[in-house]
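1. Kindly return the folded structure for what I paste below:
(one chain, ligands or ions: 1)
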Amino acid sequence: MYRSATAISRSFLPRAAYSLSFGSLSSPTLSVSLVRTLSVSASLSTTQHDPSSTPTPSNKTSTMSRWKPMCLYYTHGMCNMMEDPAHLEKFNHSCSEEFRVDVAELNNKRSQEFDFFLVLDLEGKVEILEFPVVLVDAKTLNVVDLFHRFVRPSQMSERRINEYIEGKYGKLGVDRVWHDTAIPFEEVLQNFEDWLTQHRLWGKEQGGHLDRAAFVTCGNWDVKTKIPQQCTVTKMKLPSYFMEWINLKDVYLNFYNRRATGMMTMMRELQLPLLGSHHLGIDDAKNITRVLQRMLADGALIQITARRHSPENVEYLLENRIR
Ligand SMILES: [Zn+2]
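-> Numbering: from 1, shown residues only. Here you go, the predicted structure:
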């Protein structure tokens with residue numbers, strides 16, 4: 001059950017620090033455990049797993065001055081530089097300070113149907129290239145953990161992959177870490193299922209549906225369109241936990257009575273700082289998490305907005321929605 005990242009890190013990257021792999025997540029103290037923080041995010045690993053070329057974010061507040069990009073080897077259970085003070089100084093290996101929420105902000109919070117939210121934001125137009133998920137506690141607003149995998153396309157030549165990754169991640173400085181860590185989609189989902197099981201949010205024997213948790217996405221594309229497409233390309237069955245989801249933009253529209261076309265609009269309107277690199281999946285997922293935290297704090301009911309009855313038949317549950 002815990003073979004996931006441990007096995008992968010060893011086979012893909014022998015030099016990886018196994019002690020930090022996600023295989024250790026069974027021990028809570030080793031998980032990428034996070035608390036909350038109102039400001040930040042971002043996650044750039046650089047070409048050589050070397051902090052020096054990391055872009056510096058603007059430091060407008062004292063909270064943000066503590067901001068560091070996340071070590072993307074670490075999110076894959078593969079950081080082997082945990083003993084290096086210079087590396088630790090430059091890269092974040094825990095999100096504990098990234099999602100802090102002032103307790104005073106929780107006054108308007110209401111009870112939710114779900115205990116946990118899984119904020120998902122896929123990257124990749126042709127095939128999925130990145131699969132990041134942030135696990136949020138609905139009661140405390142804490143970010144409990146995150147799951148992050150770069151995904152290796154299954155139907156593309158090496159040359160095409162190289163061009164694709166250069167174009168997509170080269171400018172963000174994470175192409176090298178992508179090549180070092182990316183694994184096929186089926187393995188990503190196996191790792192993800194192991195991770196869900198460790199958090200007791202899912203069990204194959206329970207019918208394969210999520211337990212007490214729901215996906216939160218910005219739009220319908222991720223779960224409605226892209227996951228089924230990728231399953232077809234990969235020639236695998238669509239997992240049963242991808243049958244319903246929460247489109248945060250629809251909840252936003254119904255709660256605030258304002259139409260937001262995307263994450264950037266929601267963040268701007270809620271006056272949340274955009275942190276990290278837009279279109280780096282893990283940073284987008286973290287930024288969407290900040291929107292979710294704010295909406296929870298403001299008292300929004302975060303409910304299912306779409307349900308798939310068959311591949312072609314998706315039912316939308318809110319009358320007012322972004323089309
Ligand atoms: Zn590291």
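
2. show me the contacts for Arg308.
-> Neighbouring residues of Arg308 by C-beta atoms under 8 Å, 6 or more residues apart in numbering: 224, 242-244, 314-315. Where you see a C-beta, it was placed from the backbone N, CA and C, and this is true even at glycine.

3. Distance of the closest residue in space to Asp298 that isn't next to it in sequence relative to Ala297?
-> Excluding the flanking residues, the one nearest Asp298 by C-beta to C-beta, 6 or more residues apart in numbering is Asn108, at 5.6 Å. Applying C-beta to C-beta, to the nearest Å, the value for Asn108 to Ala297 is 6 Å.

4. which of the two has more neighbours?
-> Using other C-beta atoms under 10 Å as the criterion, Asn108 and Ala297 rank with Ala297 on top: 18 against 10.

5. quick one, strands of the stretch 201-323 of the chain?
-> 213-217, 244-247, 306-308, 314-316 (DSSP state E, counting those that start in this stretch).

6. for the stretch 51-200 of the chain, that is, sorry about that
-> So, for the stretch 51-200 of the chain - with DSSP E, counting those that start in this stretch - the strands run 116-120, 130-137, 143-152, 183-184.

7. Residues of the stretch 1-150 of the chain that sit close to the ion?
-> 71, 74, 79, 81 (C-beta under 5 Å from the ion).

8. hmm, 8 Å instead?
-> 45, 49, 71, 73-74, 79-82, 87-88, 91, 93 (C-beta under 8 Å from the ion).

9. Flag the shaky bits of the stretch 51-200 of the chain, pLDDT-wise.
-> When residues are selected by pLDDT under 70, those of the stretch 51-200 of the chain lie in 51-66, 96.

10. Surely Arg152 is in contact with Ile183?
-> Yes. If you go by C-beta atoms under 8 Å, Arg152 and Ile183 touch, sitting 5.9 Å apart.

11. hang on, the earlier thing: between the strands of the stretch 51-200 of the chain, which one is nearest to Asn191?
-> strand 143-152 (6.2 Å; C-beta to C-beta).

12. Which among the contacts of Arg308 count as buried?
-> 224, 242-244, 314 (16 or more other C-beta atoms under 10 Å).

13. Measure how far stretch 180-195 is from the centre of its chain, please.
-> Its chain's C-alpha centre and that of stretch 180-195 lie 13 Å apart, by C-alpha atoms, centre = their mean, to the nearest Å.

14. who touches the residue in the stretch 201-323 of the chain positioned nearest to the ion in this structure?
-> Proximity of the stretch 201-323 of the chain to the ion (C-beta to the ion) peaks at Ile282, 14.0 Å away. Taking C-beta under 8 Å, 6+ apart, we find Ile282 in contact with 43, 70, 72, 75, 130, 132, 146, 148, 276.

15. State the pLDDT value of it.
-> If you check Ile282, the pLDDT there is 96.

16. same question, the one 4 residues further on
-> At Lys286, the predicted lDDT confidence score is 96.

17. Pretty sure Val134 is one of the things it touches, is it not?
-> Yes. If you go by C-beta under 8 Å, Lys286 and Val134 touch, sitting 6.1 Å apart.

18. how about the helices in the chain?
-> Assigned by DSSP state H, the chain shows helices spanning 4-12, 62-65, 72-75, 85-90, 158-169, 175-181, 185-198, 227-234, 248-256, 263-269, 281-298.

19. Figure out which of the ones you listed is closest to Arg323.
-> helix 248-256 (9.8 Å).
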